[in-house]
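Novice: I'll drop the sequence and a predicted model, then ask my questions.
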Amino acid sequence: MKEENTLNLIATSTFGLESLVKEELINLGYKVDYVENGQVCFQSDFEGMARANLWLRCAERILIKIDEFYALDFDQLYEETRKIPWEEWLPQNAEFPVTGKSVRSVLHSVPACQSIIKKAVVDRLKEKYKKNWFDEDGPEYRIVFSIHKDKVILSIDSSGEGLHKRGYRNLSTKAPLQETLAAAMVYLSRWDPDRILIDPFCGSGTILIEAALICRNIAPGIRRDFVSGKWPQIPERTWEKERKKAFSMIRNDVKPRMLMGMDRDNNLVKIARHHAERAGVADLIHFQKSDFNDFQSSRKYACIITNPPYGERLSEKNEVENLYRLMGKKLLPLNSWSFYILTSHKDFELLFGKKATKRRKLYNGGIECQYYQYYGPWPPGKDKD
C-alpha cells in the first residue's frame with residue numbers, strides 16, 4: 001500500500017468560498033498550487049492532510065488527487081483508470097464506493113462513469129491481489145471523479161462526512177445554515193472579538209457558534225472523526241499528534257465582548273443553547289427568545305451577521321418582504337453599526353432601504369444568495385485591516 005510521502009491534495013468548497021479556503025490554507029502554512037471552481041489545490045504529507053481536515057472552517061472535503069487524464073469515450077476512461085496502481089492505496093478489504101460529477105464533457109452520464117470507474121478499479125485489484133471477489137468490509141476509500149471539459153481527475157476522499165459536520169449539531173431544524181457557510185460569513189464580515197456581535201434571527205445558533213469557535217481558536221474538526229483515521233497506511237500517532245496539538249492551541253482565556261442570538265421560536269433558542277454546549281462555547285454566547293419587532297439598542301459600533309428568512313415559498317413572500325422593510329427601519333438608524341445579511345431575495349436592498357457597501361454571491365444549500373455587506377465606521381482607536 002501507499003507509503004507516506006508528498007500528496008497532491010484538493011480542498012473542495014462551495015462556489016464563492018474558494019478565496020477564503022485559500023487564505024485559510026496559507027494561514028496554516030501551506031503553499032497553494034492553484035485554485036479552480038470549487039477546488040483549492042496544495043501539497044503536503046499525511047500529517048498535513050490530517051491538519052487540514054481538523055482546521056479548515058470553510059472547506060467541504062480534503063481529497064487526495066490520484067491521477068488526471070483526458071477521456072473521450074468509456075473505453076478510454078476504463079483503460080486510463082485501470083492503469084492507476086490502486087493497490088498502493090486500497091487494501092484487499094477496502095470499501096471503495098465511486099461518486100462524482102461531469103460538466104461540459106462527452107462523458108456526461110454520471111451513473112455510467114461511476115460504473116466504468118468501479119469496474120476498472122476492481123479489475124486492477126483482481127489482477128494484483130489474485131482474487132475474484134472483494135468483500136469491501138474494511139476501511140472506506142471513497143473514489144471521487146470530476147470530469148470537466150473531458151479532463152478526468154480521480155481522487156480519494158480523506159474526510160468522509162463533509163467538513164461542515166463539526167459534530168456539535170445533533171438536533172435537526174428547518175433549513176439549517178451549514179457550518180462552513182456560517183464561518184465564511186463571519187470571516188467575510190470585519191468582526192473581531194472586541195466588537196459586539198448579534199444575530200437577531202439566530203435559528204439553531206450556527207453563526208454565533210462558529211464565531212465563538214474562531215474566537216477561542218478551536219479547530220472545527222476537533223470533536224469528530226474522519227474516514228482516513230482508519231486507513232492502515234497512516235500511523236495512528238499522526239492523528240493523535242495533530243489532535244493533541246489542536247487541543248493545545250485552544251485559547252480558553254479569550255472572551256469576546258458580547259455574542260448574542262435572538263429568535264422568536266423558543267424551541268430554536270433551546271436547540272441553539274444545546275449546540276453551543278456541545279461545541280464547548282456555551283459560556284460565550286447569550287441566546288434569548290425575542291421577536292424582531294421588539295429589537296432596539298443604544299449600543300455603538302456593534303455588528304450584525306444574520307441569515308433571515310428568504311420567503312422562497314409564494315405564501316411567505318409578503319411576510320418576508322415586510323420583515324425586510326422592518327429590518328431597514330430598525331437597523332439603519334444605528335449608523336455606527338455594521339450589517340452582514342444573507343438572502344436569496346432579489347429586491348432586498350430596495351426593501352431594506354439602502355444599497356449595500358458590497359455584495360457577494362454565495363450558495364446556501366444550492367440556493368443562490370447574495371451576502372449584503374453594510375460597513376459601518378470603525379470604533380475609535382481601532383485600525384482597519
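Specialist: Arrived safely.
Novice: so where's the stretch 201-350 of the chain shaky on pLDDT?
Specialist: Within the stretch 201-350 of the chain, the ranges that satisfy pLDDT under 70 run 312-315.
Novice: what about the strands in it?
Specialist: 258-263, 285-289, 303-306, 338-343 (DSSP state E, counting those that start in this stretch).
Novice: Among those strands, which comes closest to Asn132?
Specialist: Evaluated over the strands of the stretch 201-350 of the chain, closeness to Asn132 peaks at strand 338-343, with 52.9 Å, by C-beta to C-beta. Glycine gets a C-beta too; all of them are placed from N, C-alpha and C.
Novice: Run the chain-centre distance for the closest one.
Specialist: 19 Å (C-alpha atoms, centre = their mean, to the nearest Å).
Novice: and that strand, what other elements does it pack with?
Specialist: Identification of packing neighbours for strand 338-343 by 3 or more C-beta pairs under 8 Å, 6 or more residues apart in numbering; DSSP states H and E yields helix 179-188, strand 303-306, helix 314-331, strand 367-374.
Novice: Turn the ones you listed into JSON lines, including mean neighbour count and distance to Glu349.
Specialist: Output for these, formatted as JSON lines (neighbours: other C-beta atoms under 10 Å; distance: least, C-beta to C-beta, whole Å):
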{"stretch": "helix 179-188", "mean neighbour count": "25", "distance to Glu349": "17"}
{"stretch": "strand 303-306", "mean neighbour count": "24", "distance to Glu349": "15"}
{"stretch": "helix 314-331", "mean neighbour count": "15", "distance to Glu349": "9"}
{"stretch": "strand 367-374", "mean neighbour count": "19", "distance to Glu349": "7"}
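Novice: how about the ones you listed in TSV, adding distance to Pro200?
Specialist: Below are the helices and strands packed on strand 338-343 laid out as TSV (distance: least, C-beta to C-beta, whole Å):
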stretch	distance to Pro200
helix 179-188	14
strand 303-306	6
helix 314-331	8
strand 367-374	14
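Novice: out of the ones you listed, nearest to Met258?
Specialist: Closest to Met258 of those, according to C-beta to C-beta: strand 303-306, at 10.1 Å.
Novice: Tell me where the stretch 1-150 of the chain is predicted with low confidence.
Specialist: Counting by pLDDT under 70, the ranges of the stretch 1-150 of the chain that qualify are 1-4.
Novice: Which residue ranges of it form strands?
Specialist: 7-12, 32-36, 39-44, 61-70, 98-103, 143-148.
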